[in-house]
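Enquirer: Pasting the sequence and the predicted model now:
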Protein chains: 2
Amino acid sequence: MWEDKVRKVVPYTPGEQPRINNLIKLNTNENPYPPAPAVRERLKDLKYGDLRLYPDPNCRLLVDALSGYHKVKPSQVFVGVGSDDVLSVAFLTFFNGDVPILFPDITYSFYDVWADLYHIPYEIMPLKADFSIDKNDYLKENGGIVIANPNAPTGLELDVSVIEEIVSKNKDSVVIVDEAYVDFGGTTILPLIDKYENLLVVRTFSKSRNMAGLRIGYAIGSEKLIKYMSDVKFSINSYTMNMPSLELGKLSVEDDEYFKTTCAKVIDTRERTKKALKELNFSFPDSRTNFIFAKYDGPVSRDDIAAELRKRNILVRCFNGERIKDYMRISIGTDEEMRVVIEALKEVLR
Amino acid sequence: MWEDKVRKVVPYTPGEQPRINNLIKLNTNENPYPPAPAVRERLKDLKYGDLRLYPDPNCRLLVDALSGYHKVKPSQVFVGVGSDDVLSVAFLTFFNGDVPILFPDITYSFYDVWADLYHIPYEIMPLKADFSIDKNDYLKENGGIVIANPNAPTGLELDVSVIEEIVSKNKDSVVIVDEAYVDFGGTTILPLIDKYENLLVVRTFSKSRNMAGLRIGYAIGSEKLIKYMSDVKFSINSYTMNMPSLELGKLSVEDDEYFKTTCAKVIDTRERTKKALKELNFSFPDSRTNFIFAKYDGPVSRDDIAAELRKRNILVRCFNGERIKDYMRISIGTDEEMRVVIEALKEVLR
């Protein structure tokens, strides 16, 4: 039977992407602001005729922009179809041993999916009760380590010095630091990239760069790490990044003022939302991201709150793990969107 | 050492993508004509603001267009980032057994790369001396079968009835038919898709749909096959197709007249090029694709001819396998481009 030879997996379930008018969509951590203005101009101006040609397999436009921005060599930059593609290639490339890789129980829920898919052994390290990482969990023998920092869906940041300790004490493994949310006030470990050959930092254009629709992610690491990943990438698909992504992604990197301004706006809105949620009797880990992972400390269940919000055209994300079943993850929208959400919560919890 | 845990591979080498002015680029089988005119209009008109949002993970715009076009259910269509992405997912999904999969020695040179990458055992079946497939090679026990039809880089077509026999006698394996080039005068096996649950047909927008720069490929098969592939895809990357690809790909499918007209032009140019090459003492398998796999039957070596063409800004593709080291693959460009190529060859071979 042909089905006996099928790789059977339980896929990751992404957040809903309904296209409903007037939806306040706070369920997938998208940025409420559009991409940099230059993207709007270039979009009108992309060379239609060039679409018949394969894009540059080496993605130089985008790689060079990122290498300039982060002051690393182009050979230290890997780009992919969103950070999911980048992480997937990294898992496949670096976690090819027999000893389990390590990551927290509450983190990006794709990590165990990739491990299952690629038959990578893994061991899940429970976070402490306050959702923080116990560094000692990561000082034993392992096949690799993955840490999202700031973590998702908790929003909590681990001090970079602690991550450095984990990296420096694991010279025999690749340590992936998934910095999808770092631009919203977190501290990056990137300055240590030349110090540790085994450190890979992964980023995305989907959150802080307002470009989830273009699918761009990247990794920065030692030239050796990037070369190994590129070899694997060129063994999967020579041309992953299409022409619009390369052209438009570059423009985002070039407009640093817009980038910093919109990040600052999101941070500002987040801090105001934190205050408002506290007043409504919500508690949450202190977020350094573009979302708040909030629990209502009162007599209404999370699922009831989420359902009531949904009736009001507000979408938030609920995960079902035992330790997080009372929490909802609320992405940070515009000030006006968050005002509507807080008003709706007041109504629901009245 | 962290490098002990690295998956080490020899990647596929894509054809060069130099950006030189006035280059006659006949090395990667791109289409000489631009995408459908509606693509040009929509490009100016893509919703900039929507780029901040994740694209539809189910790719409905494009899947629905293809399902309507091919008269199959949407649940029988899988789309990916070029047919390389689609094939890579298919290899990972369906070839998970211990018995070797089978494919020809001379064929798309990515097949063995994917097999190596995913640790899939494989056995290479040499083509006959005339580059045709011996069907008997594919009637023994196997873990799966991959046949490009028409084949690349030979351009030769295998009769659909022979492929049907291979599919029908291999109910315990998935048979992938890679129809990347079928639109240039080949006969598709698609009408048999509902008859054989184990038959997967793979297509690309990069050749006949003039859209290599957007990275779109697809597969059609039984609902079961497509469901298994989708599960694997959603275990790699939830959002592989970006917004421009979904929007613009749909428009290509909708303009069937443009599609058929440009394919007919390429076929017409190919037939004229065949005649001219024969007159110059080239021989080649009879191509049903947008390229000709040609060998010069005279006292100048292939590599010398290719080098001379290159000096004249004409790029063709040379592969180095023992049986094909005298051949060059010449993609079909416009009539004018092929006229220039033939003139150049006359000069070189004088």
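Expert: Noted; the coordinates are in hand.
Enquirer: Report whether the helix-or-strand element of chain A with minimal mean pLDDT contacts chain B.
Expert: Across the helices and strands of chain A, mean confidence by mean pLDDT, DSSP states H and E is lowest for helix A:37-43: a mean of 94. Yes - Helix A:37-43 is in contact with chain B by CB under 8 Å from any CB of the partner chain, via A:Val39, A:Arg40, A:Leu43. No exception for glycine: its C-beta is placed from N, CA and C like everyone else's.
Enquirer: Excluding chain neighbours, give the residue nearest to the residue nearest to the spatial centre of chain A in space.
Expert: Centroid-nearest residue in chain A, with CA atoms, centre = their mean: A:Ala180, separated by 3.4 Å. Of all residues not flanking A:Ala180 in the chain, A:Thr204 sits nearest, at 4.9 Å (CB to CB, 6 or more residues apart in numbering or on different chains).
Enquirer: Report how many residues lie close to the one you found.
Expert: 26 (other CB atoms under 10 Å in any protein chain shown).
Enquirer: Please name the residues that touch it.
Expert: Going by CB atoms under 8 Å, 6 or more residues apart in numbering or on different chains, A:Thr204 touches A:Gly82, A:Ser83, A:Ala180, A:Ile216, A:Gly217, A:Tyr218.
Enquirer: The second one contacts A:Ala212, correct?
Expert: No - with the criterion set as CB atoms under 8 Å, A:Ser83 and A:Ala212 do not qualify as a contacting pair; they are 10.7 Å apart.
Enquirer: secondary structure element for A:Gly15?
Expert: According to DSSP states H and E, A:Gly15 maps onto no helix or strand at all.
Enquirer: Check whether it really touches A:Glu30, as I assumed.
Expert: No - A:Gly15 lies out of contact with A:Glu30 (CB under 8 Å); the separation is 9.4 Å.
Enquirer: Which neighbours do those two have in common?
Expert: Shared contacts of A:Gly15 and A:Glu30, defined by CB under 8 Å, 6+ apart, comprise B:Tyr54.
Enquirer: More neighbours: which of these two?
Expert: Legend: neighbour count by other CB under 10 Å for A:Gly15 and A:Glu30, higher for A:Glu30 (23 against 20).
Enquirer: quick one, what contacts the more buried one?
Expert: A:Ser206, A:Lys207, A:Ala212, A:Ser331, B:Arg52, B:Leu53, B:Tyr54.
Enquirer: And what about the residue nearest to A:Met1 when sequence neighbours are not counted, helix, strand or coil?
Expert: Once flanking residues are discounted, A:Met1 sits nearest to B:Asp172: 6.0 Å by CB to CB, 6+ apart. Counting by DSSP: H, G, I helix; E, B strand; the rest coil, the backbone at B:Asp172 sits in coil.
Enquirer: Give me the pLDDT value at the residue found closest to A:Lys135 once you drop the neighbours it is linked to in the chain.
Expert: In space, and not counting its chain neighbours, A:Lys135 is closest to A:Val162: 5.1 Å by CB to CB, 6+ apart. Per-residue pLDDT puts A:Val162 at 98.
Enquirer: Over to A:Val162. Which of the three states is it?
Expert: helix.
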